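In: with the input below, show me the fold.
(one chain, ligands or ions: 2)
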Amino acid sequence: MASSEPVRVMVTGAAGQIGYALVPMIARGILLGADQPVILHMLDIEPAAEALNGVRMELVDSAFPLLKGVVATTNVEEACKGVQVAIMVGGFPRKEGMERKDVMTKNVSIYKAQASALEKFADKDCKVVVVANPANTNALILKEFAPKFPAKNITCLTRLDHNRALGQIAERTGAAVSDVKNAIIWGNHSSSQYPDVNHAVVNVDGKEVPVRELVKDDAWLDGEFVKTVQQRGAAIIKARKFSSALSAASSVCDHVRNWVKGTPEGTWVSMGVLSDGSYGAPKDVIYSFPVTCKSGEWTIVQGLKIDDASQKLLDITGQELVDEKKLAYECLKE
Ligand code: NAD
Ligand code: LMR
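Out: Ligands and ions are numbered 1, 2, ... in the order given. Model prediction:
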């Protein structure tokens, strides 16, 4: 995708919190690289049209050298035209006391409606990442209602959870977060997700040390650590009264940049992708797996040893995705 031609990047819900943090990151080259010009397509709904225009004005005022154009619109077809990356943030965020599936009714119908516009108007190789919750199930609905679109091009964001796991290990061990790698988020971007550090390592003086060996506290790794990562979204909502925005925006950039430009040798990241049944995950749901990326394609990391306790947790989060899928179809019938 890297070229001197600008890449068209769509952000839906661009007038919202994540949108406001994300669009300057894209315009600064954090999404696709510091030498990749971009044209931003920003979509929001009519009640947010004025705020969206405010964001457009601020982009103009920032004079970002890489930003070659801005489309700010409330027309989904116009927004999707020719886009090569689609970041689907538009929707209703969770409030304090709600589970992510509580926003299901409102959000899945948006994803059904936007699927056909993407299929018809976006570039045929467009890479899609769904951020709005319930992210995995919205991505699944998008895939199912855009059947001509390659399923491998539709993903959801669990990189924020992955980064949260790296951050917790860094805080606990005192390592730089850039020295921690290969955590895994399995399953749903919800409190049932399983943040797994059984294969994670920390670079200590040039040597990769397993996290379990370094932390020396299995009770913490299997207990408080898992809970903290699973509940981090709720903790941010409690503290800020709004859901995470800058960390979500930054993680979107990590997700897309690794997908397009590849993952470093020996490193994997977590992405919600269409399940092929690897590791006993249910098929035909968007499930978060460890993946490596090369030449713009993701591949699920195979052959990792999963102990019995972990397998149970993989199954629980998989079952939640099966239940969410059923619920989503019920919502769409109403
Ligand atoms: P927000 O309410 O600040 O912004 C959402 C924007 O979407 C609003 O401007 C709204 O007008 C717009 N919108 C609503 N319906 C739309 C539609 N049909 N088309 C286009 N735009 C539409 O919310 P936010 O804090 O930016 O969060 C956005 C979503 O991302 C929420 O669903 C939130 O729960 C989710 N989220 C996911 C992750 C993740 O890791 N996957 C992390 C943080 C937040
Ligand atoms: C997050 O993980 O921060 C988001 O999904 C927001 C939420 O509802 O938790």
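In: next one, pLDDT for Gln17 please.
Out: Confidence at Gln17, expressed as pLDDT, is 97.
In: same question but for Met1, I mixed them up
Out: pLDDT, Met1: 61.
In: next: the one 10 residues further on.
Out: Predicted confidence (pLDDT) at Val11: the value is 98.
In: check the gap between it and Ala139 for me.
Out: Taking C-beta to C-beta, to the nearest Å as the measure, Val11 falls 16 Å from Ala139. No exception for glycine: its C-beta is placed from N, CA and C like everyone else's.
In: between the two, which is the more surrounded one?
Out: Neighbour totals were compared for Val11 and Ala139, and Val11 leads with 30 against 27 (other C-beta atoms under 10 Å).
In: need the three-state assignment for that one.
Out: Of the three states, Val11 takes strand under DSSP: H, G, I helix; E, B strand; the rest coil.
In: around ligand 1, which positions in the chain sit nearby?
Out: 12-13, 15-19, 43-45, 48, 89-94, 110, 131-133, 135, 157, 160, 189, 243-245, 248 (C-beta under 6 Å from any ligand atom).
In: around ligand 2, pick out the residues from this protein.
Out: Residues of the chain found near ligand 2 (C-beta under 6 Å from any ligand atom) are 94, 100, 133, 160, 233-234, 236, 243-244.
In: tell me the one of those nearest Asp205?
Out: Set against Asp205, the nearest of the residues of the chain next to ligand 2 by C-beta to C-beta is Leu160 (29.6 Å).
In: the closest one: neighbour count?
Out: 25.
In: 57 is where my numbering starts, stick with that
Out: Sure, I'll start counting at 57 from here, so that last one is Leu216.
In: give me the pLDDT for the closest residue to it other than its chain neighbours.
Out: Counting by C-beta to C-beta, 6 or more residues apart in numbering, the nearest residue to Leu216 once its immediate chain neighbours are dropped is Ser307, at 3.9 Å. On pLDDT, Ser307 comes in at 99.
In: contact partners for Ser307?
Out: Counting by C-beta atoms under 8 Å, 6 or more residues apart in numbering, Ser307 makes contact with 213, 215-216, 218-219.
In: count of residues packed around the nearest residue in space to Pro190 that is not next to it in sequence?
Out: Closest residue to Pro190 apart from its sequence neighbours, by C-beta to C-beta, 6+ apart: Arg156 at 4.9 Å. Neighbour count for Arg156, taken as other C-beta under 10 Å: 24.
In: again with Lys208
Out: Lys208: 13 surrounding residues under other C-beta under 10 Å.
In: and for Gly243?
Out: There are 34 residues near Gly243, going by other C-beta under 10 Å.
In: check the gap between the residue of the stretch 107-256 of the chain found nearest ligand 1 and Ala207 for me.
Out: Nearest residue of the stretch 107-256 of the chain to ligand 1 (C-beta to the nearest ligand atom) works out as Gly146 at 2.7 Å. For Gly146, the distance to Ala207 (C-beta to C-beta) stands at 21 Å.
In: of these two, which one has the most company?
Out: Of the pair Gly146 and Ala207, Gly146 is the one with more neighbours under other C-beta under 10 Å, namely 27 against 15.
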